[in-house]
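Q: here's a sequence, model it:
(one chain, ligands or ions: 1)
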Amino acid sequence: MKFTPEQVFKLEAKYHSQVFGRFPVALVKGKGPYVWDASGKKYLDFFAGIAVVSLGHCHPKVVSALKKQAETLWHVSNWYYTQPQAELAELLCKLTGMEKVFFTNDGTESTECAIKLARKASGKKEIIAFKNSFHGRTMGALSLTWAEKYRKPFEPLVPGMKFVDYNNLSALEQALTSETAAVIVGPIQGEAGVLVPDPGYLKGVRELTEKKGVLMIMDECQTGFGRTGDMFAFKGEGIMPDMICLAKALGNGFPIGATLFRGFDFERGQHGGTFLGGPLACAVAKATVETIVKEKLHLNARKQGAYLMKEVSGLGLKCRGKGLMVGLETTDGRKTIEKLIKEGVLTVPSGNTVRLLPPLNIGRKHVDEFINHLAKII
Ligand SMILES: Cc1ncc(COP(=O)(O)O)c(C=O)c1O
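A: As a prediction, the model looks like this:
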């Protein structure tokens with residue numbers, strides 16, 4: 001029996017934690033940059049699971065990789081070797097220039113891994129993050145996440161974490177001490193409303209950390225795999241961090257993340273997890289990454305992103321961003337998003353910034369479609 005949206009809302013309200021502030025839409029299927037709700041209404045998906053579904057929904061290469069692996073081997077644990085895991089590790093190291101990978105289930109776990117490894121590798125405890133940063137919600141990652149509303153109810157958090165002003169090199173220089181293990185930085189602050197630092201800032205962070213012998217962790221959970229118009233934002237900046245955190249687009253919706261690093265490693269048994277780097281996740285991620293690379297989707301993100309921002313500005317609206325990571329300024333974020341939902345468009349909230357994070361393989365016609373809808377509600 002197929003449920004109506006109202007039946008889904010009712011079941012959820014009765015049995016699921018009410019922790020999520022959901023929009024009143026119950027989705028049932030997706031294809032490319034579109035999703036459909038339980039009443040049959042079609043939406044243009046500029047939400048893409050928060051910058052996750054970069055190849056669009058149910059991409060044939062990803063579906064086929066999942067089906068093939070599902071009929072072969074699902075799960076064995078990290079007590080055994082599997083080819084999908086070893087192959088994905090090689091692919092990610094070659095693509096990023098890093099030496100080793102530790103697989104995780106999502107972005108917050110990639111941060112957790114980076115925290116542990118930074119402390120272990122440096123023998124120091126302090127980690128510096130930036131005001132307005134978002135690195136996840138488990139206790140370690142949350143300790144590096146800025147927003148009070150996420151942190152306050154769960155204190156005390158992990159000690160040794162410090163926040164400094166983003167996009168301000170002298171503030172960082174003053175904050176670095178002989179006890180600093182690492183600096184963790186997002187190349188664009190997505191959750192805070194797509195805040196793009198000045199040109200040269202990230203290079204400055206790299207130079208400062210290198211000079212002081214401090215590890216630089218680049219959180220590319222959201223920006224990685226072409227989103228900003230470069231395959232990875234750090235590549236576009238011409239720098240090499242010591243660690244990078246990945247997640248989101250890596251599995252095109254199948255849960256998987258990764259922390260990559262160079263120059264050090266864990267010792268046997270120091271970190272782990274039952275599901276990490278399982279065959280299903282790794283097979284899907286390999287197909288996803290290979291497709292993003294083969295189709296040069298970072299270049300399409302650059303092209304369509306520039307067109308999107310030009311057209312948004314043409315409507316007299318302000319926006320900022322890089323590639324297909326775009327923040328649209330409004331005076332009433334949530335209301336704008338609700339109006340867009342009525343129009344049949346999904347976008348991501350962030351205060352009064354409406355974030356536009358579509359699949360990276362959209363064409364000009366999808367941007368035009370979005371702009372037509374936007375023009376109707378402003
Ligand atoms: C930059 C960044 N780091 C970490 C995370 C946490 O990732 P996840 O929600 O997969 O745990 C996010 C999620 O939005 C993110 O944007």
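
Q: surely Lys14 is within a helix?
A: Yes. Using DSSP: H, G, I helix; E, B strand; the rest coil, the assignment for Lys14 is a helix.

Q: number of residues surrounding it?
A: Lys14 sits with 7 neighbouring residues when counted by other Cβ atoms under 10 Å. In this view, the C-beta of every residue, glycine as well, is placed from N, C-alpha and C.

Q: how about Lys10?
A: Around Lys10 there are 12 residues (other Cβ under 10 Å).

Q: do Lys41 as well
A: 14.

Q: now do Leu208
A: If we define neighbours as other Cβ under 10 Å, then Leu208 has 18 of them.

Q: can I get the CA coordinates of the strand or helix carrying it in CSV?
A: Assigned by DSSP states H and E, Leu208 belongs to helix 201-212. Only the C-alpha atoms of helix 201-212 are listed here, as CSV (Å, rounded to 0.1, in the frame of the first residue of the first chain):
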residue,chain,number,x,y,z
TYR,A,201,43.7,33.4,2.6
LEU,A,202,43.9,29.6,2.5
LYS,A,203,47.4,29.8,1.1
GLY,A,204,48.2,32.1,4.1
VAL,A,205,46.8,29.5,6.5
ARG,A,206,49.1,26.8,4.9
GLU,A,207,52.2,29.1,5.1
LEU,A,208,51.5,30.0,8.7
THR,A,209,50.9,26.4,9.8
GLU,A,210,53.9,25.1,7.9
LYS,A,211,56.1,27.8,9.5
LYS,A,212,54.9,26.9,13.0
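
Q: ramachandran angles for the residue nearest to the spatial centre of the chain?
A: The centroid of the chain falls nearest to Gln222 when counting by Cα atoms, centre = their mean (2.3 Å). The phi and psi values for Gln222, taken as degrees, to the nearest 10, are phi -100, psi -30.

Q: so it is in contact with Gly190, correct?
A: Yes. Because the distance of 4.5 Å satisfies Cβ atoms under 8 Å, Gln222 is recorded as touching Gly190.

Q: what is in contact with these two at once?
A: By the contact definition Cβ atoms under 8 Å, 6 or more residues apart in numbering, Gln222 and Gly190 are jointly contacted by Ala51, Met325.

Q: get me the contact residues on the stretch 1-150 of the chain for the ligand.
A: By the rule Cβ under 6 Å from any ligand atom, the part of the stretch 1-150 of the chain lying against the ligand is Ile50, Asp106, Gly107, Thr108, Thr111, Phe134, His135, Gly136.

Q: identify the farthest-apart pair in these.
A: Ile50 and Thr111 (15.8 Å; Cβ to Cβ).

Q: neighbour count winner among those two?
A: Thr111 (32 against 14).

Q: the nearest residue to the more buried one once chain neighbours are set aside: neighbour count?
A: Closest residue to Thr111 apart from its sequence neighbours, by Cβ to Cβ, 6 or more residues apart in numbering: Ala141 at 3.9 Å. By other Cβ under 10 Å, 27 other residues sit near Ala141.

Q: what strand or helix carries Ala141?
A: Here Ala141 is assigned to helix 139-142, by DSSP H and E.

Q: tell me the contacts of Phe46?
A: Contacts of Phe46 by Cβ under 8 Å, 6+ apart are Pro33, Val345, Leu346, Thr347, Val348, Leu356, Leu357, Pro358, Phe370.

Q: hang on, the earlier thing: so what does the helix holding Ala141 touch, helix or strand wise?
A: helix 107-122 (3 or more Cβ pairs under 8 Å, 6 or more residues apart in numbering; DSSP states H and E).

Q: in the stretch 201-350 of the chain, which spans are helices?
A: Taking DSSP state H, counting those that start in this stretch, the helices of the stretch 201-350 of the chain run over residues 201-212, 233-236, 279-294, 297-314, 333-343.

Q: tell me which of those helices sits most buried.
A: helix 279-294 (a mean of 23; mean count of other Cβ atoms under 10 Å).

Q: related to what we said a few turns ago, correct me, but the residue nearest to Thr111 touches Asp106?
A: No. If you go by Cβ under 8 Å, Ala141 and Asp106 don't touch, sitting 9.9 Å apart.

Q: how near is Ser313 to the ligand?
A: 25 Å (Cβ to the nearest ligand atom, to the nearest Å).

Q: now for the nearest residue to that residue once chain neighbours are set aside, how many residues are close by?
A: Nearest non-adjacent residue to Ser313, counting by Cβ to Cβ, 6+ apart: Cys319, 6.7 Å away. If you count neighbours by other Cβ under 10 Å, Cys319 ends up with 20.

Q: could you check the pLDDT of Cys319?
A: At Cys319, the model reports a pLDDT of 98.

Q: show me what contacts it?
A: Per Cβ under 8 Å, 6+ apart, neighbours of Cys319: Met309, Val312, Ser313, Val326, Gly327, Leu328, Glu329, Leu356.

Q: ok, 6 Å please
A: Met309, Val312, Val326, Leu328 (Cβ atoms under 6 Å, 6 or more residues apart in numbering).

Q: bridged to it, which residues?
A: On the basis of DSSP bridges, Cys319 is bridged to Leu328.

Q: now it: how far from the ligand?
A: According to Cβ to the nearest ligand atom, Cys319 and the ligand sit 19 Å apart.
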